[in-house]
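Novice: Here is the input, now give the coordinates:
(2 chains)
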Amino acid sequence: DAMVIQNPRYQVTQFGKPVTLSCSQTLNHNVMYWYQQKSSQAPKLLFHYYDKDFNNEADTPDNFQSRRPNTSFCFLDIRSPGLGDTAMYLCATSRAPWLGTEAFFGQGTRLTVV
Amino acid sequence: AQKVTQAQTEISVVEKEDVTLDCVYETRDTTYYLFWYKQPPSGELVFLIRRNSFDEQNEISGRYSWNFQKSTSSFNFTITASQVVDSAVYFCALSEAGSGGSNYKLTFGKGTLLTVNP
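Specialist: I've put the predicted structure just below:
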C-alpha cells in the first residue's frame, strides 16, 4: 500500500494561475519535505517541516509556499506559476533524519505551466 | 557544505553485464549518512540502501553491492548481471548529522541514467 500519496499525479496550469499540490502520509513521520525536480536534474529541496516547524531553503522563491495542517497532510502552493516552474514535485517523509533514517517518497506530481 | 558528485551522466550496457555507478561526496561532518535511490520512469524515488559514516563494511543484496570507502569519499554501487528492469536513474545522496536544520536535509547527486539493453 502506498505510504506517501501525492495528488494529482499530473497537473497543467496556466501561467500565473495559483495551483496547489497535496501530499498525505500514513507513516506518522514528523518530517515532511517538498522537492522540485526539473527534467534530467537532481531533486532540489524547497522546504521541510519538522512537525509544524517550517524550514525554508534560502534559495526557494517566495512564490512557493507550504502548509501542514496536521501530521498526515502537507500542501505546496505556487502563487503565480511561471513557465520555469514546470517540473516534477516530490513529497517525502522521514521518521528521524538526524539519525539517518531514509526518506519515503511519493510518486510525484508532474506540473506543466502553459 | 555537503556535496554529492555522480560523474557518470549516462551508462548503457547489455543485459547480463556488470555495471558500477560512481558516487563521490564532500562533507565536513564526521557523522553523516549516504544513500542510494532508484528512480524508474514512473517517477517515484525508491530507497535502496543507507550507510552511516562509521560503518565501512561493504554490503551485498542479491545482485546489488555497495562499496563505501571513506579514504576516497566514495560510495559506489555495482549491479551484477544487469537486467532490463534495472533501467532507471540512480541517485546517490548525503545527509549530515549536524545541528539545526542541516541534519534534516538530503542532498542528491545529479543522477546516473542506466539503460540496460536486451
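Novice: mind listing what residue 4 touches?
Specialist: Reading this off chain A. Counting by CB atoms under 8 Å, 6 or more residues apart in numbering or on different chains, A:Val4 makes contact with A:Cys23, A:Ser24, A:Gln25, A:Leu27, A:Cys91, A:Ala92, A:Thr93, A:Phe104, A:Phe105, A:Gly106. For glycine as for every other residue, the C-beta is placed from the backbone atoms N, C-alpha and C.
Novice: Not quite, go with chain B.
Specialist: B:Cys23, B:Val24, B:Tyr25, B:Glu26, B:Cys92, B:Ala93, B:Leu94, B:Thr107, B:Phe108, B:Gly109 are the contacts of B:Val4 under CB under 8 Å, 6+ apart.
Novice: of those, list those near chain A.
Specialist: For chain A, the contacts drawn from the contacts of B:Val4 by CB under 8 Å from any CB of the partner chain are B:Thr107, B:Phe108, B:Gly109.
Novice: before we move on, the earlier item: kindly reformat the contacts of A:Val4 as a markdown table containing secondary structure and neighbour count.
Specialist: Output for the contacts of A:Val4, formatted as a markdown table (DSSP: H, G, I helix; E, B strand; the rest coil; neighbours: other CB atoms under 10 Å in any protein chain shown):
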| residue | secondary structure | neighbour count |
| --- | --- | --- |
| A:Cys23 | strand | 26 |
| A:Ser24 | strand | 20 |
| A:Gln25 | strand | 21 |
| A:Leu27 | coil | 14 |
| A:Cys91 | strand | 27 |
| A:Ala92 | strand | 27 |
| A:Thr93 | strand | 29 |
| A:Phe104 | strand | 21 |
| A:Phe105 | strand | 23 |
| A:Gly106 | coil | 24 |
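Novice: Return the closest of the ones next to chain A among the contacts of B:Val4 with respect to A:Val113.
Specialist: Nearest to A:Val113, judged by CB to CB, of these is B:Phe108 at 23.2 Å.
Novice: Do a quick rundown of the strands in chain A.
Specialist: A:4-7, A:10-13, A:19-25, A:31-37, A:44-50, A:53-56, A:64-67, A:73-78, A:87-94, A:104-105, A:109-113 (DSSP state E).
Novice: any chance of these in CSV, plus mean pLDDT?
Specialist: Formatted as CSV, the strands of chain A follow (pLDDT from 0 to 100):
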stretch, mean pLDDT
strand A:4-7, 96
strand A:10-13, 97
strand A:19-25, 98
strand A:31-37, 96
strand A:44-50, 94
strand A:53-56, 92
strand A:64-67, 97
strand A:73-78, 98
strand A:87-94, 96
strand A:104-105, 95
strand A:109-113, 98
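Novice: Of all the ones you listed, which one is nearest B:Asp55?
Specialist: Closest among these, using CB to CB: strand A:87-94, at 19.1 Å.
Novice: Could you list the paired strands of the closest one along with their orientation?
Specialist: Here strand A:87-94 has these sheet partners by DSSP bridges: strand A:31-37 (antiparallel), strand A:104-105 (antiparallel), strand A:109-113 (antiparallel).
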